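Visitor: Okay, sequence plus prediction incoming.
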Amino acid sequence: MLRPSLKPVTASIMLAVSSGALAQTPEVIVITANAQQQRWLDAAASIEVRALPRSGLLIDSGQLLQGIPGLQVDSRANFAQDTRLSIRGFGSRSAFGVRGIYLSQDGIPISAPDGQGQLSSVLLDNIAEIEVLRGPLAVLYGNGAGGVIALRTATEATARAGTALAVSQQHQQYQLAGRQQLGQHQFSLAAKHFESDGFRPHSAARKQQLQGLWQTQLADSLSASLRLDFAYDPLLQDPLSLTPTQWRADPKQTVSQAQQFDTTKSTRQRQLSLALQQSGHSPWQLALWRGEREVTQRLAFTGAAITSAGGDIALDRQYQGVNGQYSWRLTDVLQSTVGGAWVSSDDERQGFVNNFGQRGDLRRDETNLAENRDLFWRLHWQATAKLSVDAGLRYTELSYQIRDRFIQGANPDDSGRKNYYQQAAAMGLNYRLNDSLSWFISTGLGFEAPTLAELAYKPEGSGLNLALLASENRQWESGVKYAASRARFSVSAFSIRSSDELLVASSDNGRTSFRNAGATARQGLEFYWQQQLTPALSQQVALTYLDAQFDSAELAGKRIPGVARLDSHWQLSWQPWLTRPLFLEWTSRYRDQIAINDQNSDFAPASLSFDLSLHSTQQLGQWQVRSWLQLQNLTDRNNVGAVVVNQSNGRAFESAPGRQLSAGINLDYLW
């Protein structure tokens with residue numbers, strides 16, 4: 001089934017997934033290296049698509065990304081710190097936000113020019129699908145693209161207005177949404193309010209989000225979309241992480257420093273995005289965006305020393321960008337795409353003494369500039385009816401500039417510049433063995449430049465860490481895919497060798513410095529199986545085995561911290577009465593132990609959890625009622641949600657929530 005002609009520009013990897021009956025496995029349509037529509041079986045890459053969950057209180061981006069092989073989801077259960085996502089080890093060292101993974105929504109980058117990003121500002125309930133690209137072909141998306149996570153905003157044509165309510169022991173969430181179709185124009189508006197008492201003391205949160213979307217068909221083959229996003233988080237308390245000893249004694253406790261220094265964060269973000277798309281024989285796409293992000297945060301120390309960056313942080317970021325691409329068919333079997341992107345950000349950063357929750361004297365005052373300029377070329381060749389080839393090149397220029405205005409006494413001028421000139425290349429082959437089975441192989445050369453945050457501090461002394469190099473990686477991947485009417489599975493084997501890997505040198509109360517390691521090696525296997533076992537019963541299984549180790553003499557044989565060797569996900573969905581839209585779902589997750597530092601001095605224990613949910617949809621005339629009930633961590637097991645890598649103060653464990661009961665109802669009027 002095709003999407004309506006009125007749709008957003010999708011310049012990243014995702015286009016569409018057709019919907020089918022429960023007893024059928026949907027046909028998956030993806031976009032990979034060729035930047036054009038492909039069937040999942042024809043893509044020379046490991047790639048998965050997920051729809052919005054039909055039940056549950058969406059408070060964390062990780063909830064949308066569970067059960068994707070190769071993607072490790074570490075929920076900090078801490079609204080002041082984003083969920084950490086890593087793909088085949090890329091992003092595992094991130095102290096906050098998402099690092100090493102390219103993020104986008106409707107073709108508009110969420111990642112900043114330096115590769116840092118976060119999904120906390122995205123209105124998750126308004127996302128229809130998420131596509132995740134893993135492996136060598138991901139490097140064609142530029143800096144830090146160890147993988148790609150592309151989100152698509154819901155754009156169904158049905159006119160509706162609705163409200164939603166969701167509650168649990170700690171959380172309350174309210175929503176209002178409306179959608180209207182007027183001729184060639186479609187309008188939608190959604191608003192959400194969320195508040196929480198938190199899982200631990202001093203972990204309360206309040207969040208508000210708003211999204212407006214206008215789409216129109218300007219001509220038979222030309223469409224446009226304009227999206228406004230607003231997110232305001234006035235209160236995000238940080239309960240801080242725990243030492244292994246503290247966690248084992250009481251994983252629900254909060255350390256005294258959180259109350260003592262009132263560790264709290266607040267954010268405000270606004271963004272306007274415009275996208276144009278021309279279809280036809282020579283399609284093109286163009287996207288422009290501009291936004292502002294404000295952050296204030298109190299850390300768990302005073303930062304009173306004159307050489308300190310302060311314990312009370314204020315950030316005001318202005319960012320903008322444009323990307324575009326043009327495709328043409330050279331022959332009936334050969335298609336080429338060229339494009340480019342320019343993205344920049346301007347950060348005004350200040351740091352103050354944290355006088356135990358009160359803002360004190362100035363300790364940091366600087367401007368951080370980042371600019372990313374990219375050119376890329378991609379090629380798709382249908383060599384034979386069964387064999388296709390995808391290839392591409394990308395050239396990136398990344399410029400950083402820091403202008404320091406706080407120069408007093410022992411605090412020197414920390415101004416500086418750093419430029420990176422990098423290239424990426426990848427090629428993949430896909431061979432259709434028959435109508436249901438294909439084999440693929442791909443290889444790529446990619447890179448990951450340091451972010452502004454990673455350049456901010458030297459491991460020793462003051463000033464910028466301008467000695468940091470971009471890490472480079474060589475990847476290989478091969479696998480098979482199978483798709484039939486009731487089943488779909490894939491198996492992939494991969495190998496990644498990195499040089500000058502960026503690792504945490506030290507992390508203490510929010511001040512994290514980085515260094516280049518000699519070399520690392522990662523290899524593993526990924527397995528995904530989705531099947532309709534009976535007309536009433538279906539299942540999804542995702543397994544990842546990842547052996548990630550240091551190769552350099554300094555740490556040879558040590559496991560890379562933050563990376564689980566084994567990660568698994570199993571979900572059963574049962575429809576007791578085929579004539580009634582009532583579903584019962586069982587989900588189990590297992591994650592192996594995780595090293596907390598380069599020396600592997602301690603490990604977070606293996607994590608195991610079970611979830612049970614019930615959801616139903618009823619159509620009553622023009623009214624649609626959706627309701628759900630969910631019980632998470634059924635056995636109330638104490639788990640470590642995430643590890644703070646190389647935390648020098650010893651507080652490496654971030655507790656996962658215990659047993660949680662939640663319920664929700666959505667009421668929509670359709671016309």
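Guide: Great, that's in hand.

Visitor: from here on, contacts and neighbour counts on C-alpha atoms
Guide: Fine.

Visitor: longest strand in this structure, by residue count?
Guide: When the chain is scanned for its longest strand (criterion: DSSP state E), the result is strand 358-381.

Visitor: For that strand, buried residues please.
Guide: Residues of strand 358-381 classed as buried: 359-360, 362-381 (neighbour count, 16 or more other CA atoms under 10 Å).

Visitor: which helices and strands does the following helix or strand past that strand pack with?
Guide: Counting by DSSP states H and E, the element after strand 358-381 in chain order, helix or strand, is strand 387-404. Packing partners of strand 387-404 (3 or more CA pairs under 8 Å, 6 or more residues apart in numbering; DSSP states H and E): strand 358-381, strand 416-432.

Visitor: Restrict stretch 618-628 to CA atoms and write it as PDB.
Guide: Extracted in PDB, the C-alpha atoms of stretch 618-628 (Å, rounded to 0.1, in the frame of the first residue of the first chain):
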ATOM      1  CA  GLN A 618     -12.900   0.400  19.800                       C
ATOM      2  CA  GLN A 619     -14.700   2.200  17.000                       C
ATOM      3  CA  LEU A 620     -18.000   3.700  18.200                       C
ATOM      4  CA  GLY A 621     -19.500   5.500  15.200                       C
ATOM      5  CA  GLN A 622     -17.200   8.500  14.600                       C
ATOM      6  CA  TRP A 623     -15.500   8.000  18.000                       C
ATOM      7  CA  GLN A 624     -12.400   5.900  18.400                       C
ATOM      8  CA  VAL A 625     -11.400   4.700  21.900                       C
ATOM      9  CA  ARG A 626      -7.900   3.300  22.600                       C
ATOM     10  CA  SER A 627      -7.100   2.100  26.000                       C
ATOM     11  CA  TRP A 628      -4.200   0.200  27.600                       C
END
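
Visitor: How far away from the center of its chain is that stretch?
Guide: Between the centre of stretch 618-628 and the centre of its chain there are 32 Å (CA atoms, centre = their mean, to the nearest Å).

Visitor: What are the buried residues along it?
Guide: Applying 16+ other CA under 10 Å to stretch 618-628 flags 623-628 as buried.

Visitor: The longest strand of the chain - which strands sit beside it in the sheet, and in what orientation?
Guide: Strand 358-381 pairs in its sheet with strand 334-355 (antiparallel), strand 387-404 (antiparallel), by DSSP bridges.

Visitor: now the farthest one out in the protein, which residue is it?
Guide: Outermost residue of the chain with respect to the C-alpha centroid, by CA atoms, centre = their mean, is residue 409; its distance is 41.9 Å.

Visitor: Look at the residue lying closest to that one once chain neighbours are set aside and tell me its secondary structure.
Guide: Closest residue in space to residue 409, ignoring its immediate chain neighbours: residue 306 at 7.8 Å, by CA to CA, 6 or more residues apart in numbering. At residue 306 the chain is in coil, as set by DSSP: H, G, I helix; E, B strand; the rest coil.

Visitor: next one: the one 4 residues further on
Guide: Remark: residue 310 carries the secondary structure label coil [criterion: three-state DSSP].

Visitor: just checking, it touches residue 349?
Guide: No: contact criterion CA atoms under 8 Å: residue 310 and residue 349 do not qualify, at 10.9 Å.

Visitor: can you list the weak-confidence ranges in the stretch 351-500 of the chain?
Guide: 461-463 (pLDDT under 70).

Visitor: To clarify, my last question referred to the chain.
Guide: Low-confidence segments of the chain, defined by pLDDT under 70: 1-37, 461-463, 507-511.

Visitor: one more time with 50, if that's ok
Guide: The chain contains residues with pLDDT under 50 at 1-25, 33-34.

Visitor: the helices in it, which residues?
Guide: 62-65, 244-249, 256-260, 452-455 (DSSP state H).

Visitor: okay if I get those as TSV plus mean neighbour count and distance to residue 417?
Guide: Output for the helices of the chain, formatted as TSV (neighbours: other CA atoms under 10 Å; distance: least, CA to CA, whole Å):
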stretch	mean neighbour count	distance to residue 417
helix 62-65	20	35
helix 244-249	15	39
helix 256-260	17	35
helix 452-455	21	10
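
Visitor: Any idea which of these gets closest to residue 288?
Guide: With CA to CA as the criterion, residue 288 lies closest to helix 452-455 of those, at 23.2 Å.

Visitor: Centre of the chain to the closest one, how far?
Guide: Relative to its chain's centre, helix 452-455 lies at 19 Å (CA atoms, centre = their mean).

Visitor: try stretch 95-107
Guide: Counting by CA atoms, centre = their mean, stretch 95-107 comes out at 5 Å from the chain centroid.

Visitor: buried sites along it?
Guide: Of the residues in stretch 95-107, 95-107 count as buried by neighbour count, 16+ other CA under 10 Å.

Visitor: Would you mind giving those as a markdown table with distance to residue 577 added?
Guide: Formatted as a markdown table, the buried residues of stretch 95-107 follow (distance: CA to CA, whole Å):
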| residue | distance to residue 577 |
| --- | --- |
| 95 | 47 |
| 96 | 45 |
| 97 | 43 |
| 98 | 42 |
| 99 | 44 |
| 100 | 45 |
| 101 | 42 |
| 102 | 42 |
| 103 | 39 |
| 104 | 39 |
| 105 | 37 |
| 106 | 37 |
| 107 | 40 |
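
Visitor: Any idea which of the helices of the chain gets closest to residue 162?
Guide: Here helix 62-65 is closest among the helices of the chain (CA to CA), at 21.9 Å.

Visitor: for the closest one, packing partners?
Guide: Using 3+ CA pairs under 8 Å, 6+ apart, helix 62-65 is in contact with strand 46-51, strand 71-74.

Visitor: Recalculate using a threshold of 10 Å.
Guide: Contact partners of helix 62-65 among helices and strands, from 3 or more CA pairs under 10 Å, 6 or more residues apart in numbering; DSSP states H and E: strand 46-51, strand 71-74, strand 84-87, strand 127-134.

Visitor: Quick check: closest non-adjacent residue to residue 656.
Guide: Spatial nearest neighbour of residue 656, excluding adjacent residues (CA to CA, 6+ apart): residue 641 at 4.2 Å.

Visitor: The one you found: what's it in contact with?
Guide: Contacts for residue 641 (CA atoms under 10 Å, 6 or more residues apart in numbering) come out as 73-78, 83-84, 591, 604, 607, 653-657.

Visitor: from those residues, which two are the most distant?
Guide: Spatial extent of the contacts of residue 641 (CA to CA) is set by the pair 78 and 591 at 19.3 Å.

Visitor: more crowded one of these two?
Guide: It is residue 78, of residue 78 and residue 591, that has more neighbours when counted by other CA atoms under 10 Å, with 26 against 23.

Visitor: was I right about residue 117 contacting residue 101?
Guide: Yes: using CA atoms under 10 Å, residue 117 makes contact with residue 101 at a distance of 8.4 Å.

Visitor: joint contacts of these two?
Guide: When contacts are counted by CA under 10 Å, 6+ apart, residue 117 and residue 101 are jointly contacted by residue 111.

Visitor: Give me the number of neighbouring residues for residue 588.
Guide: By the criterion of other CA under 10 Å, residue 588 has 19 neighbours.

Visitor: so it touches residue 567, yeah?
Guide: No: the pair residue 588 and residue 567 does not pass the contact test of CA under 10 Å, sitting 11.1 Å apart.

Visitor: Between these two, which contacts overlap?
Guide: Here residue 588 and residue 567 have residue 67 as joint contacts, going by CA under 10 Å, 6+ apart.

Visitor: Surely residue 253 and residue 653 touch.
Guide: No: Residue 253 is beyond contact range of residue 653, at 11.7 Å (criterion: CA under 10 Å).

Visitor: how about residue 117, what does it touch?
Guide: 82, 96-104, 109-111.

Visitor: ok, these vs residue 161, which is closest?
Guide: Nearest to residue 161 out of the contacts of residue 117 is residue 104 (CA to CA; 27.1 Å).

Visitor: so how far is residue 645 from that closest one?
Guide: Residue 104 sits 26 Å away from residue 645, going by CA to CA, to the nearest Å.

Visitor: If anything else comes up later, I'll come back, but that's it for now.
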